[in-house]
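1. got a predicted structure plus its sequence, pasted below:
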Amino acid sequence: MKKILLFLVLILCFSCKEEINPFEFDNNSNSIDDTTYFLEPTSFSALHHNIFSTTCANSGCHDGTFEPDFRTIESSYNSLVYQPPIKNDNNNSFNYRVDPGNSLQSVLYHRLIVDIDGISGIMPLESEDDWNNNKDEYIQNIKDWIDQGAKDMFGNSPLLPNDIPLGRGMVVFNTGQTNNPLSRDPSGSVLISNTLNSVDIWFSVFDDLLQPNNLQYNKVKKSTSLFNFDNVSEEDLQIYNSPINQLGYFSSSTNEEYYHKYTLDLTGFNVGDIIYFKIYVKDDVNPITEIPNNGSPFTFLRYFTLKII
């Protein structure tokens, strides 16, 4: 009888043991207090929490509609640091939205204190009480974050990117001249008289880290067919230490620098021929870059053409 009673007591004890829900939050546990994540006001996590996500990620603005994209802390950082600005000042003074260590050369900071082009306004265009009440402090925090190296949410310093070289322009002159470039037709082709024996073609290339005259490879191909470059021989581009300055593809008012030249012998070309050009350059990291390539917009492809008239 005693054994039976002992057995029943044991069953009762075990059946009364509290069942633990593994998904239930324990207020008494040693959980991480994530409020400390935002305590340092010049950390990127605090900037995103206090400013970018609440003041800038508005519907139809920096909510993914326009860059920078302030929806998440990751998209905010990745669309700010070492990223080129969409809107620059009238002198194109800024290379990056955030230039780590240099707030005065960062568009992000500049647009918080200056109307960058006289028509765009000072950011943010719309604001609520939190920004209005803490504006000076918030702007100083952003400035300090940039000047302290623009570290990410984990405290890591950013690495300078190394983008591929970009084509900026092509201008054509009568051989030996560098003034009065030959004109283009409405489609974008440079018009070449069939009375000429040769022309000088200059190419403008931009690289984010190297001077254009320090780029490697420096070849050119020409073809009368847009998609028939595979079997065309490469020729050398001439590289100059000092550039000529002329307008390029992207602006009708700002000059580009042209270091690369090719002299084209017009023998064998006939009236009506369209000659397509591609150049090939290489920086110190990326593979050889083709400019333009088959994925370029048609207007850009057409820009790198001559038409014999």
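-> Alright, I've got the coordinates.

2. could you count how many residues lie near Met170?
-> Applying the criterion other C-beta atoms under 10 Å, we find 27 residues in the vicinity of Met170. The way it works is simple: take the backbone N, C-alpha and C, and place the C-beta from them, glycine included.

3. list the neighbouring strands of the strand or helix carrying it plus their orientation.
-> Per DSSP states H and E, Met170 falls inside strand 166-174. The pairing partners recorded for strand 166-174 under DSSP bridges are strand 198-206 (antiparallel).

4. I'd like the next helix or strand past the strand it pairs with.
-> strand 216-223.

5. contact partners for the closest residue to Asn95 other than its chain neighbours?
-> Distances taken as C-beta to C-beta, 6 or more residues apart in numbering put Pro84 closest to Asn95, at 6.7 Å, once the chain neighbours are dropped. Pro84 sits next to 95-97 when contact means C-beta atoms under 8 Å, 6 or more residues apart in numbering.

6. make TSV from those residues and add distance to Gln238, pLDDT and secondary structure to it.
-> Formatted as TSV, these follow (distance: C-beta to C-beta, whole Å; pLDDT from 0 to 100; DSSP: H, G, I helix; E, B strand; the rest coil):
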residue	distance to Gln238	pLDDT	secondary structure
Asn95	28	89	coil
Tyr96	32	92	strand
Arg97	36	92	coil
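
7. list buried residues within those residues.
-> By neighbour count, with 16 or more other C-beta atoms under 10 Å, those hold 95-97 as buried.

8. now, among these, which is nearest to Lys282?
-> Lowest distance from Lys282 to the buried ones among the contacts of Pro84 (C-beta to C-beta) belongs to Asn95, with 21.4 Å.

9. shouldn't that closest one be in contact with Ser106?
-> No - with contact defined as C-beta atoms under 8 Å, Asn95 does not count as touching Ser106 (9.4 Å).

10. I'd assumed Tyr303 was in contact with Gly188.
-> Yes - counting by C-beta under 8 Å, Gly188 touches Tyr303, with 4.7 Å between them.

11. the longest helix anywhere in the chain packs against which elements?
-> Criterion DSSP state H: the longest helix present in the chain is helix 129-147. Packed against helix 129-147 by the contact rule (3 or more C-beta pairs under 8 Å, 6 or more residues apart in numbering; DSSP states H and E) you find helix 44-47, helix 107-113.

12. now render these as JSON lines, adding distance to Ser225, mean neighbour count and mean pLDDT.
-> Formatted as JSON lines, the helices and strands packed on helix 129-147 follow (distance: least, C-beta to C-beta, whole Å; neighbours: other C-beta atoms under 10 Å; pLDDT from 0 to 100):
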{"stretch": "helix 44-47", "distance to Ser225": "51", "mean neighbour count": "20", "mean pLDDT": "92"}
{"stretch": "helix 107-113", "distance to Ser225": "42", "mean neighbour count": "20", "mean pLDDT": "91"}
